[in-house]
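[1] Got a sequence here, can you build the structure:
(3 chains)
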Amino acid sequence: MIFSDTWWGWLLNYLIVFTSGGLFCLLAQVLIIKTKLTPARILVLFLIAGIILQAIGVYEPISEVLRSGIAIPITGFGASLAKGSIEWAMQYGPLGAFAGGLVQTAYGVGIAVFASYIVSLIFKPKSK
Amino acid sequence: MTDNIKRNENYSRYVNAISPSSSALSSLIKAFIAGGITCVIGEIVRNTFGLIPGITDEQAAVYASVVLVVIAILFTGLGIYDSIGRIGGAGSFLPITGFANAMSSAAMEFRSEGLIMGTAVKMFNVVGPVIVNGIVWSAVAGILRYIIALISGVL
Amino acid sequence: MTAKSQTLVFKNRPRIIAGMSVVGDKEGEGPLGKYFDTIEPDPKMGKSSFEKGETAMFSKAIEGAAAKAGMQIFDIGALFAGDLLNQLVSSSYAARDLPVSYFGLYSACSTMTEALSLGAAMINAGYFKTAACATGSHFATAERQYRFPLEYGCQRPPYAQWTVTAAGCSILADSGNGPAITHATIGRVVDYGITDANNMGAAMAPAAFDTVLAVLEDTEMKIEDFDGIFTGDLGRLGGEILRDLCRERGIELGQRYSDCGEMIFSSEQECYSGGSGAGCSACVLNSFILDKMKKHEYNRVLLMATGALMSPTTSFQGESIPAICHAVIMENDL
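    Just a heads-up that it's a prediction; the model follows:
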């Protein structure tokens, strides 16, 4: 947190997170209304945007300011994948690019799969 | 044939003009607020974990998304998330919570075809594109960066 | 009848002697709630899956209609039935338990009038003395087949429609009391190039328009000759489009025209443009419309169920949505 030393810095941080996260979602909503793209396509678009930002090295500085505002939208998932891929490629050679992304995001995906499985055992979908 | 093409063009122009577009402004505001709140919750969790000695900010960020994922999946199971999604629109499918909702809703939906052929097969029904594109394009990013590093002599 | 006519004329006046409608909770809370025979609060009908629930609803409609007609199931000449699910499972699994000849029909949401047309034609020709015509649809099963998991939080555009959870069955007979089916106009497949699978109303309205023109031309009747004109599930938007298309040809549908999908839900129920599904026209016909005909509030009704003939596969391949509309004319004996 770059502004966290004072109470107003703390407030500013949350304001930035709220606004930036909100703006990403607003942009996605504009795409839905204007282009009739399906949610799946929009998700993939933002995901790839995150990967590109990470690959050209600008994601880190942006995320130091926006923090959760860019990390919680799917852009953050894309950036994590790319971060892992790049780090592993540098460390273990080109084959590392295929493993690093998965390793970096394994917590999130693993828990999502596990929790989804458990939830499907307990709950049943409801007709609306 | 050309008559039909012209007819269809006219018709689609007419349909676009007459179809109500979701009152754009209110859906934009809702998406903004829903997305903003989700990110703020993530930030609160992240900063709270960050207070624990020995946990780096980067680890705290991972825990924050894990917490959001678990909450979203629980909400999906309880049948609340789809109501949030209907209001929030992009504000609730773009954050990581939307990813979790898509995964768990598919897992629940196809439970009626059994745990193997239903839940397990169809869990990635909706989120498949995200996982596949993520793996493919991040691998491309990793390899490109490796090649660039090779050429520029960093490695 | 000219060589090019799309309309069958039934001289022997096969008639609808009974109708049964079974609907879900949400439909029961709608404006037509008081007309329906049974409102089922449990969308699974006590079974283990929504598909089994839909089948149970289907059986209940057929058995109930036969009972109202004072018949044993065994006495039904043939069952003409269809639904929205792949391989027509709801109709076929319901028919599995019935000792009746069975025609499985698929014409998406226009199946009800296709079934009535075929049933009336068979009875008019003397092949059967009675026939049951039934269709149904279910929100939960249609959602999973055509769209997303139920608990997936997604927004729909305001012109989308809500699949009706309902089944309806009409019993046709060569004699008895009830409105006669005098004509059936068999629709042509019409495609005006709409690709947005959320905008069914716009995709289907041109098919309804095509059939309106065919009905008026073949029967030489005028719009004013009908007390009621109903389309199956064009919804609010599709209904408006149909009015516009007709107006361009100088045909004013006016007050006598309504859409079953628009009637079944009120605007407070958040069902966007209205109801859709094969069960929509089936349950409105077998409750509201037959009721009004019995009371002679309507004496001649034109029912035009519309269907969108696409599948998720063709949508993903970028194909446009072909649509069809079959019409039947029902008339009270005067």
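
[2] rest of the way, CA atoms for contacts and neighbours
    Noted.

[3] so where is chain B shaky, pLDDT-wise?
    For chain B, the stretches with pLDDT under 70 are B:1, B:22-23, B:155.

[4] Please enumerate the helices of it.
    Using DSSP state H, the helices of chain B run over B:2-18, B:24-51, B:57-78, B:81-88, B:90-93, B:96-109, B:121-122, B:128-151.

[5] what does chain C give?
    Ranges of helices in chain C, per DSSP H, are C:25-28, C:50-68, C:89-95, C:111-125, C:139-146, C:200-219, C:235-248, C:260-264, C:278-284, C:290-294, C:312-316.

[6] roughly how far apart are the residue in chain A that chain C sits nearest to and residue C:236?
    Nearest residue of chain A to chain C, counting by CA to the nearest CA: residue A:127, 5.4 Å away. According to CA to CA, to the nearest Å, residue A:127 and residue C:236 sit 23 Å apart.

[7] Mind checking which of these two has more residues around it?
    Per other CA atoms under 10 Å in any protein chain shown, whichever of residue A:127 and residue C:236 has more neighbours is residue C:236, with 22 against 18.

[8] and the residue nearest to the more buried one when sequence neighbours are not counted, what is it in contact with?
    In this structure, residue C:236 finds its nearest non-sequential neighbour in residue C:273, 5.1 Å apart by CA to CA, 6 or more residues apart in numbering or on different chains. By CA atoms under 8 Å, 6 or more residues apart in numbering or on different chains, the contact list for residue C:273 reads C:158-162, C:235-237, C:262.

[9] make it 7 Å
    C:158-161, C:235-237 (CA atoms under 7 Å, 6 or more residues apart in numbering or on different chains).

[10] For chain A, which residues score under the pLDDT cut-off?
    Chain A contains residues with pLDDT under 70 at A:1-4.

[11] need the residues of it near chain C, please.
    A:125-127 (CA under 7 Å from any CA of the partner chain).

[12] Out of the residues you listed, which sit inside strands?
    Assigned to strands by DSSP state E, none of these qualify.

[13] which among those residues are in contact with chain B?
    residue A:125.

[14] what's the neighbour count on residue C:315?
    With other CA under 10 Å as criterion, residue C:315 counts 15.

[15] how about the helices of chain B, which one is nearest chain C?
    helix B:81-88 (3.6 Å).

[16] Residue C:77 and chain A: what is the separation?
    Per CA to the nearest CA, to the nearest Å, residue C:77 is found 35 Å from chain A.

[17] Could you pull up the residues touching that residue?
    Contact partners of residue C:77, counting by CA under 7 Å, 6+ apart, are C:100-101, C:128-131.

[18] Redo those residues as JSON lines? Include neighbour count, pLDDT and distance to chain A.
    Supplementary listing: those in JSON lines, determined by neighbours: other CA atoms under 10 Å in any protein chain shown; pLDDT from 0 to 100; distance: CA to the nearest CA, whole Å:
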{"residue": "C:100", "neighbour count": "17", "pLDDT": "96", "distance to chain A": "31"}
{"residue": "C:101", "neighbour count": "13", "pLDDT": "97", "distance to chain A": "33"}
{"residue": "C:128", "neighbour count": "18", "pLDDT": "97", "distance to chain A": "39"}
{"residue": "C:129", "neighbour count": "19", "pLDDT": "96", "distance to chain A": "39"}
{"residue": "C:130", "neighbour count": "25", "pLDDT": "97", "distance to chain A": "35"}
{"residue": "C:131", "neighbour count": "30", "pLDDT": "97", "distance to chain A": "32"}
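
[19] ok so, going back, residues in contact with the residue of chain A closest to chain C?
    Residue A:127 is in contact with C:43, C:139-140, C:150, counting by CA under 7 Å, 6+ apart.

[20] still on that earlier bit, restricted to helices, list the residues of chain A next to chain C.
    Within the residues of chain A next to chain C, no residue falls in helices by DSSP H.

[21] Give me the distance from the strand or helix carrying residue A:19 to the chain's centre.
    Counting by DSSP states H and E, the element that carries residue A:19 is helix A:7-35. Helix A:7-35 has its C-alpha centroid displaced from the chain centroid by 14 Å (CA atoms, centre = their mean, to the nearest Å).

[22] how about the helices in chain A?
    Counting by DSSP H, the helices of chain A are A:7-35, A:39-55, A:59-66, A:68-71, A:74-92, A:96-122.

[23] and the longest one, what does it pack onto?
    Read that as helix A:7-35. helix A:59-66, helix A:68-71, helix B:24-51, helix B:90-93 (3 or more CA pairs under 7 Å, 6 or more residues apart in numbering or on different chains; DSSP states H and E).

[24] would you turn these into CSV with distance to residue B:7 and mean neighbour count?
    As requested, the helices and strands packed on helix A:7-35 are arranged in CSV below (distance: least, CA to CA, whole Å; neighbours: other CA atoms under 10 Å in any protein chain shown):
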stretch, distance to residue B:7, mean neighbour count
helix A:59-66, 48, 16
helix A:68-71, 45, 30
helix B:24-51, 29, 22
helix B:90-93, 34, 34
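
[25] re earlier: want to throw the contacts of residue C:77 into CSV with distance to residue C:215?
    Converted to CSV, the contacts of residue C:77 look like this (distance: CA to CA, whole Å):
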residue, distance to residue C:215
C:100, 32
C:101, 30
C:128, 26
C:129, 27
C:130, 26
C:131, 24
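
[26] Quick one: name the residues of chain C near chain A.
    Contact residues, chain C versus chain A (CA under 7 Å from any CA): C:43, C:139-140, C:150-151.

[27] thought residue C:30 was touching residue C:263?
    No - Residue C:30 is beyond contact range of residue C:263, at 8.3 Å (criterion: CA atoms under 7 Å).

[28] okay, the two: which has more neighbours?
    With neighbours defined as other CA under 10 Å, residue C:30 and residue C:263 compare such that residue C:263 has more, 20 against 16.

[29] List the contacts of that one.
    Contacts of residue C:263 (CA under 7 Å, 6+ apart): residue C:31.

[30] tell me which parts of the stretch 201-334 of chain C are close to chain B?
    Counting by CA under 7 Å from any CA, the residues of the stretch 201-334 of chain C near chain B are C:202, C:237.

[31] low-scoring pLDDT stretches of the stretch 201-334 of chain C, where are they?
    In the stretch 201-334 of chain C (pLDDT under 70), no residue qualifies.
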